[in-house]
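> Could you work out the structure for the sequence below:
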Amino acid sequence: MSRLTLALDVMGGDIGPRVTIPASIKALEQDPMLSLLLFGDSQKILPLLENTPTTLQDRIKVCHCSRIIENTQGLSYALRHSKGTSMRLAIESVQKGEAQACVSAGNTAALMGLAKILLQPLKGIERPALISVIPTMNGDRAVMLDLGANIECSAENLYQFALMGSIFAENCLDLVFPRIALLNIGIEEIKGYKSIRDAAELLKQNPTLNYIGFIEGDLLLNGKADVIVNDGFVGNVALKTLEGAAKNVISLFKGSPTLNKTNHILKPIFRWFVRTFLLKGSYQRLKQINPDQYNGASLIGLTAVVVKSHGSANIDGFAYAIADAAQQARQKIPEKILAGLQRY
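Next up is the predicted model:
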């Protein structure tokens, strides 16, 4: 494992430093070769680091900045007023080579806009895309893109997403000849927008890609495809629907209305009985699709690694996003995507 420095926008997200700082400490504990640049308000950051062991503090540098980009700000306003903000300074540190990747839970549109301006897309890529690893019911993993960076996409955009997704899956999931599918409203060739049908034709014409056709939303977690491609509008809605469903079902196991009516002394016993005897392996499979363990969507197609954490992520979730950025930076994913594009 090589030494690595990441830049974190610790002011982003719904809660900010109260989540991002404990998550940063957890990431450092799990990765002894990791160092962090923390961009944000030092008056809010430093008190949260007071009880941190010296060995960890030696791998932390707090970079004070009092300005942030609010989630409520529109893209054009955020970009015009981004100078000196925690998000922009974190990305600029990657641009300058001071860090090898950036993580933020802030404004998605602003993060993409600033990253595209400061880090630049890879040669041959028209639009970067948000990609995330998703679990499958058989215990494997797949990748899905775009998840919100590009609301409207042409056939060429979708084709490029498929190329990048395939390369990402090969390197991050260790897959050979990953299966690519386009998310659509049906599996018939006549279904869907013209851009989706045209993208399908482009994919069919490339024998180096393992394109298997259209996939419907009910099979996203069934392991039918390794790379699921869609525009950002559809992808964002689909992913958040999956996450919400998973959280709600898991919450039923943790404390359903039935359990809440049970005597509080008997609750642990009843819950153990349900998990162990009535549902057997189902609970373990559900835990595999816990959204916290899959927090973080990567903005691929840029010259450096940028990971967008959910704004609502908890400490574990943000720590996973940091670990994901570190893995991609160590594996040099942008360089591999560039080389892969030339191969395809």
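
> Longest helix in the protein, please.
Of all segments of type helix in the chain, defined using DSSP state H, the longest is helix 232-255.

> Rank the helices and strands of the protein by mean pLDDT and give me the bottom one.
helix 257-260 (a mean of 50; mean pLDDT, DSSP states H and E).

> re earlier: show me which positions of the longest helix of the chain end up buried.
Using 16 or more other CB atoms under 10 Å as the test for burial, helix 232-255 gives 232, 234, 235, 236, 238, 239, 242, 243, 246, 250, 253. Where C-beta positions appear, they are placed from N, C-alpha and C, glycine not excepted.

> Same check on stretch 330-344?
Under 16+ other CB under 10 Å, the buried positions of stretch 330-344 are 330, 333, 334, 336, 337, 338, 340, 341.

> So among those, where is pLDDT lowest?
Model confidence across the buried residues of stretch 330-344 bottoms out at residue 341, which has 81.

> That one and residue 204, how far apart?
Between residue 341 and residue 204 the computed distance is 19 Å (CB to CB, to the nearest Å).

> The nearest residue to residue 59 once chain neighbours are set aside - how many residues pack around it?
The shortest distance from residue 59 to any non-neighbouring residue, by CB to CB, 6 or more residues apart in numbering, is to residue 35 (4.3 Å). Look at residue 35: counted by other CB atoms under 10 Å, it has 15 neighbours.

> ok so, going back, and the longest helix of the chain, what does it pack onto?
strand 129-135, strand 141-145, strand 179-183, helix 282-288 (3 or more CB pairs under 8 Å, 6 or more residues apart in numbering; DSSP states H and E).

> List of residues touching the first one?
With CB atoms under 8 Å, 6 or more residues apart in numbering as the test, strand 129-135 has contacts from 108, 112, 141-150, 160-161, 164-165, 168, 172-173, 220-221, 228, 232, 235, 239, 242, 288-289, 293-294, 296-301, 308, 324.

> if we can go back for a sec, and the longest helix of the chain, what's its mean pLDDT?
Mean predicted confidence for helix 232-255 is 79.

> Same question for stretch 306-319.
On average, stretch 306-319 scores 93.

> Check which residues of it are buried.
In stretch 306-319, counting by 16+ other CB under 10 Å, buried: 306, 307, 308, 309, 310, 311, 313, 314, 315, 317, 318, 319.

> Can I get that stretch as PDB, trimmed to CA atoms?
What follows is stretch 306-319, C-alpha atoms only, in PDB (Å, rounded to 0.1, in the frame of the first residue of the first chain):
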ATOM      1  CA  VAL A 306     -13.200  13.000  -7.300                       C
ATOM      2  CA  VAL A 307     -15.700  11.300  -5.000                       C
ATOM      3  CA  LYS A 308     -19.100  12.700  -4.100                       C
ATOM      4  CA  SER A 309     -20.500  11.500  -0.800                       C
ATOM      5  CA  HIS A 310     -24.200  11.700   0.000                       C
ATOM      6  CA  GLY A 311     -25.000  14.800   1.900                       C
ATOM      7  CA  SER A 312     -27.000  12.700   4.400                       C
ATOM      8  CA  ALA A 313     -24.100  10.200   4.900                       C
ATOM      9  CA  ASN A 314     -23.300   9.200   8.500                       C
ATOM     10  CA  ILE A 315     -19.800   8.700   9.900                       C
ATOM     11  CA  ASP A 316     -19.400   5.200   8.500                       C
ATOM     12  CA  GLY A 317     -20.800   6.300   5.100                       C
ATOM     13  CA  PHE A 318     -18.300   9.200   4.700                       C
ATOM     14  CA  ALA A 319     -15.400   7.000   5.900                       C
END
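
> how far does that stretch sit from the chain's center?
8 Å (CA atoms, centre = their mean, to the nearest Å).

> And the helices in the protein?
Going by DSSP H, the chain shows helices at 17-30, 42-45, 54-57, 75-80, 86-95, 108-119, 155-172, 194-204, 232-255, 257-260, 267-273, 282-288, 315-331, 333-343.

> Going by mean pLDDT, which of those helices comes out lowest?
helix 257-260 - the lowest mean pLDDT of these, at a mean of 50.

> per-residue confidence for the residue positioned nearest the centre of the chain?
Residue closest to the average C-alpha location in the chain (CA atoms, centre = their mean): residue 297, at 1.7 Å. As predicted, residue 297 sits at a pLDDT of 89.

> again with residue 281
On the pLDDT scale, residue 281 gets 54.

> Tell me which residues touch residue 179, please.
210, 212, 224, 225, 226, 227.

> so the last one bridges to which residues?
With DSSP bridges as the criterion, residue 227 is bridged to residue 143, residue 180.

> Burial check on it, number of neighbours?
Neighbour tally, residue 227, other CB under 10 Å: 30.

> swap in the fifth one?
The local packing count at residue 226 equals 24, with neighbours defined by other CB under 10 Å.

> pretty sure it contacts residue 170?
No: assessed by CB atoms under 8 Å, residue 226 is found out of contact with residue 170, at 9.3 Å.

> Need the residues touching each of those two.
Counting by CB under 8 Å, 6+ apart, the residues touching both residue 226 and residue 170 are residue 178.

> so which of the helices and strands packed on helix 232-255 gets nearest residue 28?
strand 129-135 (22.5 Å; CB to CB).

> who does that closest one pair up with?
When DSSP bridges is applied, strand 129-135 pairs with strand 141-145 (antiparallel), strand 297-300 (antiparallel).
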